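Peer 1: quick one: sequence plus predicted model below, questions after.
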Amino acid sequence: MLILKNISSEGPGTIEDHLREEGTAYSIVDLTTEELSPTEKADTLVIMGGPMSVNESDIFPYIEKEVKLVRDFIREGKKVFGVCLGAQIMASALGARVYPGSEKEVGWLDIELQEEGVRDSLMTKMAVHPKVGDFWKRFKVFHWHGETFDLPSGAVRLAKSALYDNQAFRYGSNAYAFQFHIEVSKEMVYDWLKDEPVDMGSIVRDTEQYYDDYHQRALNFYKEFFK
(Lines give C-alpha, C1' and ligand atoms only; values in the text may rest on other atoms or scores of the structure.)
Protein backbone atom coordinates (compact mmCIF):
# COMPACT_ATOMS: atom_id res chain seq x y z
CA MET A 1 0.00 0.00 0.00
CA LEU A 2 1.21 3.49 -0.90
CA ILE A 3 0.16 6.53 1.16
CA LEU A 4 0.93 9.99 -0.22
CA LYS A 5 1.21 13.11 1.94
CA ASN A 6 0.80 16.47 0.22
CA ILE A 7 2.06 18.36 3.26
CA SER A 8 4.04 17.03 6.20
CA SER A 9 1.43 18.02 8.81
CA GLU A 10 -1.43 16.05 7.20
CA GLY A 11 -0.61 12.40 7.64
CA PRO A 12 -2.76 9.28 7.56
CA GLY A 13 -3.75 9.50 11.23
CA THR A 14 -6.19 6.76 12.20
CA ILE A 15 -5.72 5.10 8.81
CA GLU A 16 -2.15 4.33 9.79
CA ASP A 17 -3.26 3.22 13.27
CA HIS A 18 -5.64 0.73 11.67
CA LEU A 19 -3.06 -0.60 9.22
CA ARG A 20 -0.58 -1.16 12.05
CA GLU A 21 -3.25 -2.93 14.11
CA GLU A 22 -4.05 -5.23 11.19
CA GLY A 23 -0.41 -5.86 10.31
CA THR A 24 -0.89 -4.42 6.82
CA ALA A 25 2.29 -3.42 5.00
CA TYR A 26 2.40 0.18 3.79
CA SER A 27 4.79 2.96 2.86
CA ILE A 28 4.31 6.70 3.31
CA VAL A 29 5.80 9.24 0.91
CA ASP A 30 5.90 12.91 1.91
CA LEU A 31 5.80 14.58 -1.49
CA THR A 32 7.17 17.85 -0.11
CA THR A 33 10.51 16.17 0.58
CA GLU A 34 10.54 12.82 -1.26
CA GLU A 35 10.25 11.58 -4.80
CA LEU A 36 7.77 8.89 -5.82
CA SER A 37 9.47 5.52 -6.21
CA PRO A 38 8.29 2.71 -8.53
CA THR A 39 4.91 1.43 -7.31
CA GLU A 40 4.26 -1.63 -9.43
CA LYS A 41 3.75 -3.79 -6.34
CA ALA A 42 1.38 -1.40 -4.55
CA ASP A 43 -2.20 -2.67 -4.67
CA THR A 44 -3.76 0.33 -2.90
CA LEU A 45 -3.21 4.08 -3.23
CA VAL A 46 -4.20 6.50 -0.45
CA ILE A 47 -3.88 10.27 -0.97
CA MET A 48 -4.13 12.61 2.00
CA GLY A 49 -5.11 16.26 2.28
CA GLY A 50 -3.32 19.59 2.10
CA PRO A 51 -4.01 23.33 1.92
CA MET A 52 -2.99 23.68 -1.71
CA SER A 53 -5.30 23.44 -4.70
CA VAL A 54 -5.32 20.80 -7.40
CA ASN A 55 -5.12 23.77 -9.77
CA GLU A 56 -1.72 24.82 -8.38
CA SER A 57 0.37 22.14 -10.06
CA ASP A 58 2.65 24.92 -11.34
CA ILE A 59 3.63 25.52 -7.70
CA PHE A 60 3.34 21.91 -6.55
CA PRO A 61 4.39 19.80 -9.56
CA TYR A 62 3.89 16.53 -7.70
CA ILE A 63 0.12 17.04 -8.00
CA GLU A 64 0.33 16.14 -11.69
CA LYS A 65 2.14 12.93 -10.72
CA GLU A 66 -0.66 12.08 -8.29
CA VAL A 67 -3.29 12.69 -10.94
CA LYS A 68 -1.50 10.32 -13.29
CA LEU A 69 -1.05 7.75 -10.54
CA VAL A 70 -4.78 7.82 -9.76
CA ARG A 71 -5.59 7.18 -13.42
CA ASP A 72 -3.09 4.31 -13.53
CA PHE A 73 -4.45 2.65 -10.40
CA ILE A 74 -8.07 2.99 -11.50
CA ARG A 75 -7.28 1.67 -14.98
CA GLU A 76 -5.60 -1.35 -13.41
CA GLY A 77 -8.55 -1.98 -11.10
CA LYS A 78 -6.56 -1.27 -7.94
CA LYS A 79 -7.96 0.38 -4.83
CA VAL A 80 -7.79 4.17 -4.50
CA PHE A 81 -8.86 6.27 -1.51
CA GLY A 82 -8.64 10.07 -1.42
CA VAL A 83 -9.25 12.36 1.55
CA CYS A 84 -9.97 16.11 1.12
CA LEU A 85 -7.29 17.26 -1.37
CA GLY A 86 -6.88 13.57 -2.20
CA ALA A 87 -10.55 13.45 -3.17
CA GLN A 88 -10.13 16.57 -5.29
CA ILE A 89 -7.12 15.01 -7.02
CA MET A 90 -9.24 11.95 -7.77
CA ALA A 91 -12.02 14.15 -9.17
CA SER A 92 -9.52 15.98 -11.37
CA ALA A 93 -7.97 12.71 -12.54
CA LEU A 94 -11.44 11.59 -13.62
CA GLY A 95 -12.02 14.76 -15.63
CA ALA A 96 -14.09 16.81 -13.18
CA ARG A 97 -13.68 20.50 -12.39
CA VAL A 98 -12.24 21.49 -8.99
CA TYR A 99 -12.95 25.02 -7.76
CA PRO A 100 -13.46 27.19 -4.64
CA GLY A 101 -16.68 26.57 -2.73
CA SER A 102 -19.12 29.28 -1.70
CA GLU A 103 -17.58 29.25 1.78
CA LYS A 104 -15.31 27.08 3.88
CA GLU A 105 -16.57 24.13 5.85
CA VAL A 106 -14.62 23.87 9.11
CA GLY A 107 -15.52 21.79 12.15
CA TRP A 108 -18.11 19.15 12.93
CA LEU A 109 -20.95 19.30 10.40
CA ASP A 110 -23.43 16.80 9.01
CA ILE A 111 -23.16 14.79 5.86
CA GLU A 112 -26.18 12.95 4.50
CA LEU A 113 -25.99 9.72 2.56
CA GLN A 114 -27.62 9.87 -0.86
CA GLU A 115 -29.44 7.06 -2.65
CA GLU A 116 -26.22 5.40 -3.83
CA GLY A 117 -24.65 5.91 -0.42
CA VAL A 118 -27.46 4.03 1.27
CA ARG A 119 -26.88 1.18 -1.18
CA ASP A 120 -23.11 1.15 -0.75
CA SER A 121 -21.96 -1.55 1.66
CA LEU A 122 -18.92 0.40 2.88
CA MET A 123 -20.90 3.57 3.53
CA THR A 124 -23.56 1.63 5.41
CA LYS A 125 -20.84 0.22 7.66
CA MET A 126 -19.93 3.78 8.55
CA ALA A 127 -23.53 4.89 8.91
CA VAL A 128 -24.47 2.32 11.55
CA HIS A 129 -24.21 3.92 15.00
CA PRO A 130 -21.29 2.28 16.83
CA LYS A 131 -23.12 2.06 20.17
CA VAL A 132 -26.82 1.89 19.41
CA GLY A 133 -26.51 -0.13 16.20
CA ASP A 134 -29.20 1.71 14.25
CA PHE A 135 -28.68 3.17 10.76
CA TRP A 136 -28.01 6.92 10.53
CA LYS A 137 -28.47 8.45 7.10
CA ARG A 138 -27.14 11.76 8.48
CA PHE A 139 -24.23 12.07 10.90
CA LYS A 140 -21.40 14.38 11.94
CA VAL A 141 -17.98 14.32 10.29
CA PHE A 142 -14.96 16.60 10.59
CA HIS A 143 -14.48 19.17 7.82
CA TRP A 144 -11.63 21.49 6.94
CA HIS A 145 -11.76 22.57 3.31
CA GLY A 146 -12.61 25.46 1.04
CA GLU A 147 -12.72 23.87 -2.41
CA THR A 148 -15.16 21.49 -4.00
CA PHE A 149 -15.58 19.61 -7.27
CA ASP A 150 -18.13 18.46 -9.80
CA LEU A 151 -19.13 14.81 -9.71
CA PRO A 152 -16.92 12.99 -12.23
CA SER A 153 -18.65 11.34 -15.17
CA GLY A 154 -19.25 7.71 -14.32
CA ALA A 155 -18.96 8.24 -10.56
CA VAL A 156 -21.81 7.90 -8.06
CA ARG A 157 -22.54 10.45 -5.35
CA LEU A 158 -22.51 8.83 -1.92
CA ALA A 159 -22.99 11.79 0.42
CA LYS A 160 -23.59 15.54 0.48
CA SER A 161 -23.66 18.35 3.03
CA ALA A 162 -25.64 21.56 3.32
CA LEU A 163 -22.95 23.53 1.48
CA TYR A 164 -21.24 20.93 -0.72
CA ASP A 165 -23.17 18.52 -2.92
CA ASN A 166 -20.20 16.21 -3.36
CA GLN A 167 -18.89 15.04 0.01
CA ALA A 168 -18.20 11.47 -1.07
CA PHE A 169 -18.20 9.56 -4.32
CA ARG A 170 -17.30 6.11 -5.61
CA TYR A 171 -15.89 5.35 -9.03
CA GLY A 172 -16.25 1.75 -10.09
CA SER A 173 -16.04 -0.62 -7.15
CA ASN A 174 -12.57 0.17 -5.79
CA ALA A 175 -12.15 3.97 -5.77
CA TYR A 176 -13.59 6.10 -2.95
CA ALA A 177 -13.20 9.85 -2.43
CA PHE A 178 -14.14 11.70 0.78
CA GLN A 179 -14.14 15.49 0.97
CA PHE A 180 -14.26 15.30 4.79
CA HIS A 181 -11.42 14.18 7.06
CA ILE A 182 -12.17 10.63 8.15
CA GLU A 183 -8.57 10.11 9.34
CA VAL A 184 -8.33 12.66 12.15
CA SER A 185 -7.42 11.97 15.75
CA LYS A 186 -8.43 14.42 18.46
CA GLU A 187 -4.87 15.68 18.55
CA MET A 188 -4.91 16.35 14.81
CA VAL A 189 -8.12 18.38 15.08
CA TYR A 190 -6.70 20.57 17.84
CA ASP A 191 -3.32 20.98 16.17
CA TRP A 192 -4.73 21.88 12.76
CA LEU A 193 -7.15 24.51 14.03
CA LYS A 194 -5.11 26.08 16.83
CA ASP A 195 -4.04 28.99 14.61
CA GLU A 196 -7.21 29.21 12.50
CA PRO A 197 -9.85 31.94 12.99
CA VAL A 198 -12.33 29.57 14.63
CA ASP A 199 -14.03 29.31 18.01
CA MET A 200 -11.74 26.77 19.64
CA GLY A 201 -14.05 26.44 22.62
CA SER A 202 -16.81 25.24 20.29
CA ILE A 203 -14.40 22.99 18.39
CA VAL A 204 -13.24 21.35 21.62
CA ARG A 205 -16.80 20.81 22.86
CA ASP A 206 -17.89 19.29 19.55
CA THR A 207 -14.79 17.12 19.31
CA GLU A 208 -15.29 15.74 22.81
CA GLN A 209 -18.95 15.08 22.00
CA TYR A 210 -18.64 13.51 18.56
CA TYR A 211 -15.15 12.08 18.23
CA ASP A 212 -15.43 8.65 19.85
CA ASP A 213 -18.39 7.62 17.71
CA TYR A 214 -16.75 9.15 14.64
CA HIS A 215 -13.57 7.20 15.24
CA GLN A 216 -15.50 3.96 15.39
CA ARG A 217 -17.41 4.83 12.21
CA ALA A 218 -14.04 5.41 10.53
CA LEU A 219 -12.71 2.06 11.75
CA ASN A 220 -15.78 0.30 10.40
CA PHE A 221 -15.08 1.82 6.98
CA TYR A 222 -11.37 0.94 7.12
CA LYS A 223 -12.07 -2.67 8.02
CA GLU A 224 -14.11 -3.09 4.85
CA PHE A 225 -12.07 -0.97 2.44
CA PHE A 226 -8.59 -2.18 3.41
CA LYS A 227 -9.36 -5.87 3.95
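Peer 2: Looks like it arrived, so ask away.
Peer 1: quick one, helices of this protein?
Peer 2: Using DSSP state H, the helices of the chain run over 14-22, 62-75, 85-93, 115-119, 121-127, 186-193, 200-225.
Peer 1: nearest to residue 6 among those helices would be which one?
Peer 2: Closest of the helices of the chain to residue 6 is helix 85-93, at 5.5 Å (criterion: CB to CB). (Each C-beta comes from the backbone N, C-alpha and C, glycine too.)
Peer 1: deepest in the core, which of the helices of the chain is it.
Peer 2: Sort the helices of the chain by mean neighbour count, taking mean count of other CB atoms under 10 Å, and helix 85-93 sits at the top with a mean of 28.
Peer 1: give me the contacts around it.
Peer 2: Helix 85-93 has contacts (CB atoms under 8 Å, 6 or more residues apart in numbering) with 4, 6, 46-54, 63, 66-68, 70-71, 74, 80, 82, 98, 145, 147, 149-152, 166, 168-169, 171, 175, 177-179.
Peer 1: ok, back up a step: so which of the helices of the chain comes closest to residue 108?
Peer 2: Comparing those by CB to CB, helix 200-225 comes nearest, at 4.1 Å.
Peer 1: could you tell me the average pLDDT over that closest one, please?
Peer 2: Helix 200-225 comes out with an average pLDDT of 96.
Peer 1: ok now it, how far from the chain's centre?
Peer 2: Its chain's C-alpha centre and that of helix 200-225 lie 14 Å apart, by CA atoms, centre = their mean, to the nearest Å.
Peer 1: quick check: the gap between residue 6 and residue 159.
Peer 2: 22 Å (CB to CB, to the nearest Å).
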